[in-house]
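J.: Sequence first, then the predicted structure, then my questions.
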Amino acid sequence: MSETAINNRFSVAALTGKLNESFKKSPLYSNLILSGEVTSFNIWSSGHIYFTLRDYDKDAIINCIMWKGHADKNKTPIRDFKVGDAVELLGGLDLFLPKGELKFQARCIQVDAERVGQAALNLKLLTERLHKEGVFEKNRQVRGIPSRIAVVTSQGGAVFHDIKTTLERRYPLAVIYPFWTRVQGADAPESIGMAIARADTINADVLIVARGGGSKEDLSAFNDERVARTVYSCRTVVISAVGHETDWSLCDYAADLRAPTPTGAAELASPRDVASISAHLDGLSAHLSGLVRRKLQVTVQRLENQKSRVISPEQYIARQKNHLNYCAVTVARTIQTTMSRKAAQLSELSNVTDALSPYNVFRRGFAAVRKDGTAITTAQAVALGDTVEILLSKGKLSASITGITD
């Protein structure tokens with residue numbers, strides 16, 4: 001190292017402290033006006049305001065903060081500001097020493113009336129245009145019990161894991177077809193649209209489009225017109241789950257259903273519980289009974305109508321006997337065909353109920369462990385010497401904990 005560098009030796013705290021001191025002492029950095037577009041805006045329970053400002057024309061952002069004392073004195077009420085506003089800030093640069101994070105500390109904020117946030121304006125105009133074209137009018141519901149579920153999301157992320165786990169827990173017979181796509185970046189809209197179009201070709205019962213939470217910039221790919229129109233053109237029922245519950249995108253508006261989270265989308269695409277399957281069976285049974293009842297009513301009505309056409313008792317009896325035989329055969333065939341089909345459906349759904357039973361899991365060699373009547377799911381829930389109860393497919397065991405491995 002050179003002698004000059006050694007004489008300028010700093011610790012991290014000393015360097016960041018000196019930089020922060022320079023910011024506060026310099027008129028250039030401590031008292032300036034900063035303009036840009038608000039891309040995130042959060043009012044904390046403490047009353048402090050945390051937000052992000054983006055350059056109008058270039059790809060540059062800066063994190064900003066406004067303390068409660070300044071926010072309370074601001075001429076325009078703070079709650080009147082929102083994402084997409086073009087604003088001017090009065091304040092200075094501040095370096096948060098524990099994280100070495102540079103922020104702009106605002107003392108005053110006002111709307112830049114001469115320049116509306118261009119991104120927000122473009123999105124608003126696009127939203128209005130698509131709405132007038134009817135792109136947001138689809139509202140089909142998920143019918144029956146879906147068995148083929150397509151999922152469009154990024155590969156290797158937590159989103160697909162959450163969807164897959166939820167579906168395996170609620171309806172393990174469902175087959176999941178993933179379609180991987182980029183969800184962020186300049187080429188993301190085209191990638192998302194192509195993945196949705198491919199997923200729509202496999203005759204799935206429902207199609208989930210999902211992405212985890214993020215900033216407005218992170219979710220911008222799902223506000224692309226190409227994505228919205230592709231979702232609208234889908235033959236498959238589409239559930240959109242983009243971002244957090246408070247985030248809405250054009251993809252959400254164009255979809256048939258919108259879920260607040262990816263997990264919520266999986267719940268919408270699957271039966272709620274065994275009771276839902278039972279209700280579906282009851283519906284099939286009621287439908288079958290209705291078919292038989294209506295067929296019998298038609299037959300009886302036809303018999304009544306024939307009474308007025310009798311020429312002689314012998315002819316009437318002969319004709320009605322033949323017609324009754326025909327009706328009996330028809331009804332018998334209808335009942336037999338319908339019962340066979342419904343019996344097959346009942347058997348399939350019975351298998352679903354069996355699959356959801358914990359005792360099937362026990363018969364494959366698994367067991368459930370309880371302590372004082374409470375299920376044990378992790379090793380940390382017990383201690384050495386504890387007595388636990390082990391439930392098997394037949395009977396139960398009592399055991400003492402002699403060792404624990406994390």
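T.: Structure's in. What do you need?
J.: How is the chain partitioned into domains?
T.: Using automatic domain parsing, the domain parsing of the chain gives 3-116, 123-268, 274-355, 362-400.
J.: and the longest one, how far out from the chain's middle?
T.: Okay, so that is domain 123-268. The chain centre lies 8 Å from the centre of domain 123-268; the measure is Cα atoms, centre = their mean, to the nearest Å.
J.: mind putting the domains of the chain in CSV, mean pLDDT, distance to residue 406 and mean neighbour count included?
T.: Quick note: C-beta positions are derived from backbone N, CA and C, even for glycine. CSV is the format used below for those (pLDDT from 0 to 100; distance: least, Cβ to Cβ, whole Å; neighbours: other Cβ atoms under 10 Å):
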stretch, mean pLDDT, distance to residue 406, mean neighbour count
domain 3-116, 83, 31, 14
domain 123-268, 89, 22, 19
domain 274-355, 79, 31, 12
domain 362-400, 85, 6, 11
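J.: what are the ranges of the helices in the stretch 1-150 of the chain?
T.: Here the stretch 1-150 of the chain has its helices, by DSSP state H, counting those that start in this stretch, at 3-7, 12-25, 27-30, 68-73, 118-132.
J.: Check the stretch 151-300 of the chain too.
T.: Assigned by DSSP H, counting those that start in this stretch, the helices in the stretch 151-300 of the chain fall at 158-170, 188-199, 225-232, 250-254, 262-268, 274-307.
J.: For those helices, give me CSV that also has distance to residue 35.
T.: CSV is the format used below for the helices of the stretch 151-300 of the chain (distance: least, Cβ to Cβ, whole Å):
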stretch, distance to residue 35
helix 158-170, 36
helix 188-199, 28
helix 225-232, 28
helix 250-254, 28
helix 262-268, 37
helix 274-307, 54
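J.: out of those helices, nearest to residue 244?
T.: Residue 244 lies closest, by Cβ to Cβ, to one member of the helices of the stretch 151-300 of the chain: helix 262-268, at 10.6 Å.
J.: For the closest one, C-alpha coordinates in PDB please.
T.: Output of helix 262-268 as PDB, limited to C-alpha atoms (Å, rounded to 0.1, in the frame of the first residue of the first chain):
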ATOM      1  CA  PRO A 262     -50.500 -17.700  -5.500                       C
ATOM      2  CA  THR A 263     -51.700 -19.800  -2.600                       C
ATOM      3  CA  GLY A 264     -55.100 -18.300  -2.900                       C
ATOM      4  CA  ALA A 265     -55.100 -19.100  -6.600                       C
ATOM      5  CA  ALA A 266     -54.400 -22.800  -5.800                       C
ATOM      6  CA  GLU A 267     -57.300 -22.800  -3.300                       C
ATOM      7  CA  LEU A 268     -59.700 -21.400  -5.900                       C
END
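J.: residues in contact with that helix?
T.: The contact list for helix 262-268 (Cβ atoms under 8 Å, 6 or more residues apart in numbering) reads 142, 153, 159, 162-163, 166-167, 170, 208, 210-212, 239-241, 257, 259.
J.: How about residue 196, nearest residue that isn't a chain neighbour?
T.: Once flanking residues are discounted, residue 196 sits nearest to residue 230: 4.9 Å by Cβ to Cβ, 6 or more residues apart in numbering.
J.: wait, what's in contact with that neighbour?
T.: Here residue 230 is in contact with 192-193, 196-197 (Cβ under 8 Å, 6+ apart).
J.: and if you look at residue 209?
T.: By Cβ under 8 Å, 6+ apart, the contact set of residue 209 is 152-153, 192, 196, 222, 231, 238-242, 251, 255.
J.: between those, which is nearest residue 353?
T.: For the contacts of residue 209, the nearest to residue 353 is residue 239 (25.1 Å; Cβ to Cβ).
J.: what pairs with the closest one across the strands?
T.: Here residue 239 sits in beta bridges with residue 208, residue 257, as judged by DSSP bridges.
J.: give the contact list for it.
T.: Contacts of residue 239 (Cβ under 8 Å, 6+ apart): 142, 206-209, 255-259, 265, 268-269.
J.: now do residue 16
T.: Neighbour list for residue 16: 95, 97, 100 [criterion: Cβ under 8 Å, 6+ apart].
J.: Fine by me, thanks again.
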